[in-house]
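A.B. asks: From the sequence below, what's the structure:
(3 chains)
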Amino acid sequence: MTKHIHRRTVLGLSLVAVLMFGFGFALVPLYNVFCQAFGFNGRNIEVENGTYQVREEVVRTLRDGVDKNRTITVQFLANENKDLPWEFRPLQREINVHPGEVKQVRFYARNLSDKTVVARAIPSMQPSVAIKYFTKVECFCFNNQIFKPGEAKEMPLIFVVDRKLPQGIDKLTQSYTFFDTQQGKSDSVAAAVKSLVHG
Amino acid sequence: MSVIKTMKILRSLFAVALLIGPALAKANYGLNMTRGVTANSHTMYDLHMMVLWICVVVGVAVFGVIIYSIIYHRKSKGVTPASFHESTTVEVIWTIIPFAILVAIAVPTTTSLLAYEDVSNSDIDIKATGWQWKWEYEYISDKVGDGAGVRFMSQLDKDSDAARKPHSGVDVTKIDHYLLNVDNPLVVPVGKKVRILTTGKDVIHSWWVPALGVKRDAIPGYINESQFTVEKADWDKVQKDGEAIFRGQCAELCGREHGFMPIVVKVVSEDKYKDWVKTQKGAALAAAADSNKVWTKDELIQHGAEVYAKNCAACHQPSGEGLPPMFPALKGSKIVKGPIENHIHIVVKGKPGTAMAPFGTMLSDADIAAAITYERNSWGNNDGDMAQPSQIKAAH
Amino acid sequence: MSDNHQHHDHPTGIKRWLFTTNHKDIGTLYLWFSFTMLLIGGSFAMVIRAELMYPGMQLVDPNFFNMMTTLHGLVMVFGAIMPSTVGLANWCIPMMIGAPDMALPRMNNWSFWILPFAALMLLMPMFMGGNFMSGQGPAFGWTFYEPLSGQYNKLAFFVFAIHLLGISSIMGSINIIATILNMRAPGMTLMKMPLFVWTWLITAFLLIAVMPVLAGAVTMMLTDKYFGTSFFNAAGGGDPVLFQHVFWFFGHPEVYIMILPSFGIVSQIIPTFARKKLFGYASMVYATAAIAFLSFIVWAHHMFTVGMPVAGELYFTYATVMIAVPTAVKVFNWTATMWKGAMTFETPMLWAIAFVVLFTIGGFTGLMLGVATSDFQYQDTYFVVAHFHYVLVTGALFGVIGGVYYWLPKWTGNMYNEKLSKLHFWISAISVNVLFFPQHFIGLQGMPRRVPDYNPMFADWNFVSSIGGFVFGASQLLFLYIVISTIRGGAKATSQVWEGAEGLEWTVPSPAPYHTFENPPLIK
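C.D. replies: Model prediction:
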């Protein structure tokens, strides 16, 4: 008899627990939405996912024309991750641009390892609120980059700074970090089991 | 200032109250946050003191009532308990009062935060990359001394590093700035706005110098920014021969040696800064020359011992015995005793998925050649051979 | 603890404890488990304080030190504080609301017996390694930030331990909510419930809301490490900062999960010994609910230095300092309850008063930490360490110890030794301040937390703090002695035990019979 009273409570609460477990995972896309909207953490999710839609923004930015009265300094940083033997640097450390002006810069990267590496450049920008106003027409960060052993490449980044960039921002820092996309992927269920069994 | 006076009185009260007898003579019972030397650190300090005093006042009032109650409202005094147990008026009042105080705190917080995060119009931009366990600095742009491109590693100085080893037998109080000293400090000019861009090589670190009022996480894959300007007036009070040094530490747990990656910033006059930039650029050229010459074995081993102590000993240990299984021993190691090509390969390119970093991107060819030669001829590893910088270059 | 001779229908010996479904037995098991964990986590703290007593590395390897800080945190949070409050809930809630037992007795047994296995899973890697000093336990801080935790080669142990702890907590919470909602004696309306029951009801809802989020976070860590996903791994488009957001979405409510039951305990103790009804009962309930609600929207104040846009920093500052309002209301209410009462100062009351004063100090530093601009200086220093130990040791733990003294005569039928227990109180209350107050100073002066060694400028206060730590640690052995000797004998307790005690648990005999309120009592 007591069971009967409790069934509804238990089922309801268990459902809440299950939903909250799902909510933990839902925080991932939610966080991405937040990042996009408010520029949290200086990242640009769409670029990472390869779904970046540039056409409209470029068209609009170009239609608005160049704002010769304003000069923005754009800095480029190149970082390597510990797990990737890599040489990576921008060929221009910084350039000055007017909003609405299409510019191209190049980055140099070389695979120092003796393996073919599939690498991905992860972009990050400061000030983070400026991400929305930094439109990439073409970027090596849109796709995975395949490097043969010892291969060196010069890679382009073509961009426009939006005229709507808030006043008070005079400098943008665009940073890229190259990561090995295969890193950690060789670990598997077997490795998990091994760590449990062998300690 | 009355705050400082009160603090001094409090300090001596604490020292006496705790009766730390013999230690008292050289005691350092400091109590409070530094006021620092930048506009940021000043506002942080002022805000800190304001909220602290609000808390003290509220605390004295509340604890006063409790103490009064304990003394006078006790059964042993023969009182009979009152019967009240609610009062809407009182409850509304003491909900509104804290709220009003909070608004008073929120206003200066807002203005100070906006100033703190204003990174525009910087004179020098420096990228600080956190490594397990050291800092790498790269000057990105420099309107003062044209130092863009200057790049170096900064890690715990030799004396501290030797003293902090277990059973070192060294009296750490005799070490100059124990654990707060580095081999190559960051150098910036006084009165110029410096923008610090932080990122991480491997895990999250945090770049913190209290006197500059900067603490910012260094996150792998992402870039963060902060700024500081050392005020001339504050600097004048502490500078000696046109130099003042400010010290900090990594503030985010980053693994085994987290406590041993200090940050030292040397703030110098503009002239001294320009000289320093020139020297740095010269040193970069000299390093390139080192890598082109052919070394003798003794030169390599001698230089290699230094390079090893700085870059390898933290994990592989000065004895070469490592800390298995995380950090394998080099003494008697298959790689060190095997063909030199494999040895060079692992040092230059690292071993992905482990703590072994690709030193090819961090050290000069000469340094790597020297360290490898040292490893192959120490701790009973008598391979007898050596590596030349040219071999390292070929292995890139 | 309870006497076996009144009823003959339950097994004895080890089987009694393994298969018991009795809320009092399970409460006892929880309490002993948490006390064991308190001693284990405490011994880790002793290692930390011993290494930090003097500058220079004297005793342990830096990695071992990190393992100690990590396991100290995890063991205290998940092993000591949380199960101790669940133990009190098991013992007291059915008696306080006039129910014969918990709603789901068999599930109650399971939720307890999962815990020892979880603890084993968590601690076992410590003993894997060539020798003790090279133990392989987790060494990435109790907050297990990525990517550092991803470097840990025994991550699977850690993740499964957290999963088991989470399952145990969720089952326990469902049980507590079902008991409170469905099994109150007729006439016991929600707004007549003792405050301890209220705070636990809210705590249980918090647990059900956030423990699954933690489970999600560790699951993502696990798949990132072993199954090639990239939730927190920047290489695949993930973000290590996302981990911090998910963790603190759990972590901040977690803080209140630990403190709210102690709020409840203190709200029971103070009226008893002030011989006066709790001031502002309704506002206490609303304040607790407000604190619980706010705990969901302030998480990022733990991560001001990760580089949020200034708008985010401002929002989290405002939301955080707002918590001071309901918290202040609670402190004022306790003070007003004492005001014009007729107080006596038996041991439980001493712990409760110490709680109010010292928790308030922790609250003050919490307010200071909430202000983002100055938080940049406090973040990750000993100032933070001092803050959360004031909240969790002199707050949560003092509340629980006070509660144990308060209900011990009801559980055992014997009065504890008042002289010894007062000694225990005074030694603890003084040493805990010697231990933690100086940590404010070393933090403000710039000593980061989680470091095994420091510059000699921090030496003097660290020495003082270590002395306080050793005394505080040792004084808990006195507590153990007092509890055991009370179980064994002592002056017999009356049903009411305390002159001013009110509530259903004080209407049953002491010791409380194995089965109570098999027929629901009448509530006036």
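A.B. asks: Flag the shaky bits of chain C, pLDDT-wise.
C.D. replies: Along chain C, the parts satisfying pLDDT under 70 run over C:1-10, C:524.
A.B. asks: So for it, the centremost residue is which one?
C.D. replies: For chain C, the residue nearest the mean C-alpha position is C:Ile81 (2.8 Å; Cα atoms, centre = their mean).
A.B. asks: Name the helix or strand for A:Pro123, please.
C.D. replies: For A:Pro123, the host element (DSSP states H and E) is strand A:117-126.
A.B. asks: in that strand, what counts as buried?
C.D. replies: Residues A:Val117, A:Ala119, A:Arg120, A:Ala121, A:Ile122, A:Pro123, A:Ser124, A:Met125, A:Gln126 are the ones in strand A:117-126 that count as buried (16 or more other Cβ atoms under 10 Å in any protein chain shown). To be clear about C-beta, it is placed using only N, CA and C from the backbone, and glycine gets the same treatment.
A.B. asks: show me the contacts for the residue nearest to the centre of chain C.
C.D. replies: C:Ser34, C:Met258, C:Leu392, C:Ala396, C:Leu397, C:Val400 (Cβ atoms under 8 Å, 6 or more residues apart in numbering or on different chains).
A.B. asks: Nearest residue to whatever residue of the stretch 1-150 of chain B ends up closest to chain A in space, please, no chain neighbours.
C.D. replies: Across the stretch 1-150 of chain B, no residue is closer to chain A than B:Ser120, which sits at 5.2 Å (Cβ to the nearest Cβ). Counting by Cβ to Cβ, 6 or more residues apart in numbering or on different chains, B:Ser120 lies nearest to A:Asp170, which is 5.2 Å off, once chain neighbours are set aside.
A.B. asks: how close does that neighbour get to A:Thr73?
C.D. replies: Distance of A:Asp170 to A:Thr73, given as Cβ to Cβ, to the nearest Å: 7 Å.
A.B. asks: what's the answer for A:Thr181, then?
C.D. replies: In terms of Cβ to Cβ, A:Thr181 sits 32 Å off from A:Thr73.
A.B. asks: Neighbour count for these two, which is higher?
C.D. replies: A:Thr181 (19 against 15; other Cβ atoms under 10 Å in any protein chain shown).
A.B. asks: What are the buried residues along the strand or helix carrying C:Met211?
C.D. replies: Element membership for C:Met211, per DSSP H and E: helix C:195-226. For helix C:195-226, burial by neighbour count (16+ other Cβ under 10 Å) applies to C:195-222, C:224-226.
A.B. asks: other SSEs contacting that helix?
C.D. replies: Based on contacts counted as 3 or more Cβ pairs under 8 Å, 6 or more residues apart in numbering or on different chains; DSSP states H and E, the elements that helix C:195-226 packs against are helix A:2-38, helix A:189-198, helix C:82-97, helix C:155-182, helix C:240-274, helix C:281-294.
A.B. asks: Go again with 6 Å.
C.D. replies: helix A:2-38, helix C:82-97, helix C:155-182, helix C:240-274, helix C:281-294 (3 or more Cβ pairs under 6 Å, 6 or more residues apart in numbering or on different chains; DSSP states H and E).
A.B. asks: winner for burial among those helices?
C.D. replies: For the helices and strands packed on helix C:195-226, average neighbour numbers computed from mean count of other Cβ atoms under 10 Å in any protein chain shown are highest in helix C:82-97, which has a mean of 27.
A.B. asks: Show me how far it is from its chain's centre.
C.D. replies: 13 Å (Cα atoms, centre = their mean, to the nearest Å).
A.B. asks: Just after it, pick out the following helix or strand.
C.D. replies: Past helix C:82-97, the next helix or strand by DSSP H and E is helix C:105-123.
A.B. asks: what residues does that next one touch?
C.D. replies: Residues outside helix C:105-123 that contact it (Cβ atoms under 6 Å, 6 or more residues apart in numbering or on different chains): C:21, C:26, C:29-30, C:33, C:79, C:102, C:157, C:160-161, C:164-165, C:168, C:171-172, C:175.
A.B. asks: ok, and for that helix, which residues are buried?
C.D. replies: Those would be C:105, C:107-109, C:111-115, C:118-119, C:121-123, for helix C:105-123 by 16+ other Cβ under 10 Å.
A.B. asks: one step back: and of the helices and strands packed on helix C:195-226, who's closest to B:Leu285?
C.D. replies: Of all these, helix C:240-274 sits nearest to B:Leu285, with 37.8 Å by Cβ to Cβ.
A.B. asks: packing partners for the closest one?
C.D. replies: helix A:2-38, helix C:195-226, helix C:324-338, helix C:347-370, helix C:398-412.
A.B. asks: The ones you listed: which one's closest to B:Arg256?
C.D. replies: B:Arg256 lies closest, by Cβ to Cβ, to one member of those: helix C:195-226, at 19.1 Å.
A.B. asks: residues contacting the residue most central in space within chain B?
C.D. replies: Taking Cα atoms, centre = their mean as the criterion, B:Gln249 is the residue nearest the geometric centre of chain B, at 2.1 Å. B:Gln249 is in contact with B:Pro262, C:Pro448, counting by Cβ under 6 Å, 6+ apart.
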